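1. Quick one: sequence and predicted model below, then my questions.
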Amino acid sequence: MFKNILRIIVGLIFIASGFVKAVDVVGFSFKLEEYFAPSVFNIPFLEKFSLALAIFVVVLELILGLLLVLKISLKWTLNFLILLCIFFAFLTFYSAYFKVVTDCGCFGDAIKFTPWQSFGKDIILLCALLVLYFLYRKNFNDTTIKTLKWTSFGSLSFLFAVIIYFGVKHEPIIDFRDYKIGTDLKAEKAKIVADPAEFKTFYSLKNKKTGEILKVNQDDYISKNYWQNPDWEIEKEKTSSEIVKQGYDSEIAKFKIENETGNDISDEILNAPKAILIFSYNPDEMKTSNLEAAIQKISLNKDALIYGISTKPNTFKNIKNGLMDGTAIKTIARSNPFILTLQNGKIIGKSSVEDYLNKN
């Protein structure tokens, strides 16, 4: 009984992990790009394959999770899951130890884990899989009706394939992001201002006589008179600024748009009765086939404030241009280019150019 319950729980965890990434597999591909960046593993040639690799990882998680729950090919399933967990544990440990990726994207945007939390989760899953392998080692064969299991497997696999396809071609079926339709960006920014994160400076102090090392924050450095004690010196290269109060956490904190002269136009956009924004997180690879037709259709909204937002100036022709950080754009856009419609700062529409043109 115990091993069956444990098997189903572990399998459902892998299915859940794969599912939340499947609905937004493009967003997961952005996360893989962070791992491929020069600052992490320095394999930038893989960035062009990030979407294909994201789909492969998601499909692998979903299929292996289904096989485990349905108890199909159990020996091979457990072997592959153990290898997969070891690989994920390496990635999350590397991210945590070297502080290079702040969120592994293990559960997409649905549940955010710190790197150390992600590593801990992977170790727990790995231990559970090893326990399952030990418990089932003498009885990997399945004597139950296989036709029903393979039918269930095929049906669910088809459903997951549809969800992945829809997320790639359109918007995610379920949107776990902060920028979902109905979000009031002005209200969110007000919450961020009212409850800001708090940071403190931490000093690494070395005792000249004993060699002892202490880490103290800026307040203790003054209140405990370390600054007056000649025996303690600051190791300047180890001084850091660390968060001590999280505050209201939202990706919308990164919503900052400047015009091409460097002036912040975020409030102008959020206060407009209607604003239509065309985003491009990578102007050099932006699809332009339907862009002109989309701009013409957008221009029919005579009372709307219209901007093209990108990482480079003069990306969009015949409309005003604005600049935004590429990573911040990727939290909004799932296609390149991408159209976002605001009404008094509230998101009322978001789509690819193709979907925008197909709307009435």
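-> Arrived safely, thanks for sending.
2. So which bits of stretch 250-264 are buried?
-> 250, 252-253, 255, 257 (16 or more other Cβ atoms under 10 Å). Every C-beta, even on glycine, is put in place using the N, C-alpha and C of the backbone.
3. Kindly report the same for stretch 12-23.
-> Neighbour-count burial for stretch 12-23 [16+ other Cβ under 10 Å]: 13-23.
4. With distance to residue 173 added, can I get those residues in TSV?
-> Converted to TSV, these look like this (distance: Cβ to Cβ, whole Å):
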residue	distance to residue 173
13	21
14	20
15	16
16	15
17	17
18	14
19	10
20	11
21	13
22	9
23	5
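5. out of those, which are inside helices?
-> Using DSSP state H, 13-22 are the members of the buried residues of stretch 12-23 that sit in helices.
6. Now the two most distant members of the buried residues of stretch 250-264.
-> 250 and 257 (16.4 Å; Cβ to Cβ).
7. Measure how far the least confident helix or strand in the chain by mean pLDDT is from the centre of its chain, please.
-> Of all helical and strand segments in the chain, the minimum by mean pLDDT, DSSP states H and E falls on strand 240-245, at a mean of 86. Relative to its parent chain, strand 240-245 has a centroid offset of 22 Å by Cα atoms, centre = their mean, to the nearest Å.
8. After that strand, which helix or strand is next? Please name it.
-> Once the chain leaves strand 240-245, the next helix or strand it forms, by DSSP states H and E, is strand 258-259.
9. Name the residues that touch that next one?
-> 264-265, 320-324 (Cβ atoms under 8 Å, 6 or more residues apart in numbering).
10. Try it again at 10 Å.
-> Residues outside strand 258-259 that contact it (Cβ atoms under 10 Å, 6 or more residues apart in numbering) are 264-266, 268, 307, 309, 313, 320-325.
11. Tell me which other helices or strands the helix or strand following that strand touches.
-> On the C-terminal side of strand 258-259, the nearest following helix or strand under DSSP H and E is helix 266-271. Judged by 3 or more Cβ pairs under 10 Å, 6 or more residues apart in numbering; DSSP states H and E, helix 266-271 is in contact with helix 185-194, strand 275-280, strand 305-310, strand 320-323, strand 338-343.
12. okay, these, which one's buried deepest?
-> strand 275-280 (a mean of 25; mean count of other Cβ atoms under 10 Å).
13. That strand pairs with which strands, and in what direction?
-> Strand 275-280 pairs in its sheet with strand 305-310 (parallel), strand 338-343 (antiparallel), by DSSP bridges.
14. Give the rounded mean pLDDT of it.
-> Averaging pLDDT along strand 275-280 gives 97.
15. show me where the protein has helices.
-> 2-22, 25-36, 50-70, 74-98, 115-136, 146-169, 185-194, 218-223, 266-271, 291-298, 326-330, 353-358.
16. So for stretch 169-176, what gets flagged as buried?
-> For stretch 169-176, by 16+ other Cβ under 10 Å, it's 171-172, 175-176.
17. Quick one: residues contacting residue 237.
-> Residue 237 touches residue 204, counting by Cβ under 10 Å, 6+ apart.
18. what about it, distance to residue 210?
-> Going from residue 237 to residue 210 by Cβ to Cβ, to the nearest Å gives 20 Å.
19. now swap in residue 34 and tell me
-> With Cβ to Cβ as the criterion, residue 34 and residue 210 are 42 Å apart.
20. what about those two, which has more around it?
-> More crowded of residue 34 and residue 210, by other Cβ atoms under 10 Å: residue 34, with 21 against 8.
21. That one against residue 115, yeah?
-> No - the pair residue 34 and residue 115 does not pass the contact test of Cβ atoms under 10 Å, sitting 11.8 Å apart.
22. Tell me how far the residue of the chain most remote from its centre lies from residue 232.
-> Distance to the chain centre peaks in the chain at residue 209, reaching 47.2 Å (criterion: Cα atoms, centre = their mean). Per Cβ to Cβ, residue 209 is found 10 Å from residue 232.
23. how about the residue lying closest to residue 39 once chain neighbours are set aside, what does it touch?
-> Take residue 39 and drop its neighbours on the chain: the residue closest to it by Cβ to Cβ, 6 or more residues apart in numbering is residue 100, 6.0 Å away. Residues near residue 100 by Cβ under 10 Å, 6+ apart: 34-35, 37, 39-41, 94, 115.
24. same check, this time on residue 160
-> 15, 18-19, 22-23, 58-59, 61-63, 66.
25. List the residues that contact the residue lying closest to residue 272 once chain neighbours are set aside.
-> Leaving out its chain neighbours, the residue that sits closest to residue 272 by Cβ to Cβ, 6+ apart is residue 305, at 4.1 Å. Neighbouring residues of residue 305 by Cβ under 10 Å, 6+ apart: 265, 268-269, 271-277, 320, 342.
26. Show me what the biggest strand by length in the chain is in contact with.
-> Across the chain, the longest stretch assigned as strand under DSSP state E is strand 198-207. Outside strand 198-207, the residues within contact range by Cβ under 10 Å, 6+ apart are 212-221, 226-227, 229, 231-247.
27. Give the buried subset of those as a ChimeraX selection command.
-> The buried residues among these can be selected in ChimeraX (16+ other Cβ under 10 Å) with this line:
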select :216,220,221,226,232,247
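28. Look at residue 232 and report its pLDDT.
-> Residue 232 is given a pLDDT of 93.
29. Quick check: it touching residue 215?
-> No - the criterion here is Cβ under 10 Å, and residue 232 misses it with residue 215 at 11.9 Å.
30. residue ranges with poor pLDDT in the stretch 1-150 of the chain?
-> The model of the stretch 1-150 of the chain has pLDDT under 70 over residues 104-105, 108, 110, 141-145.
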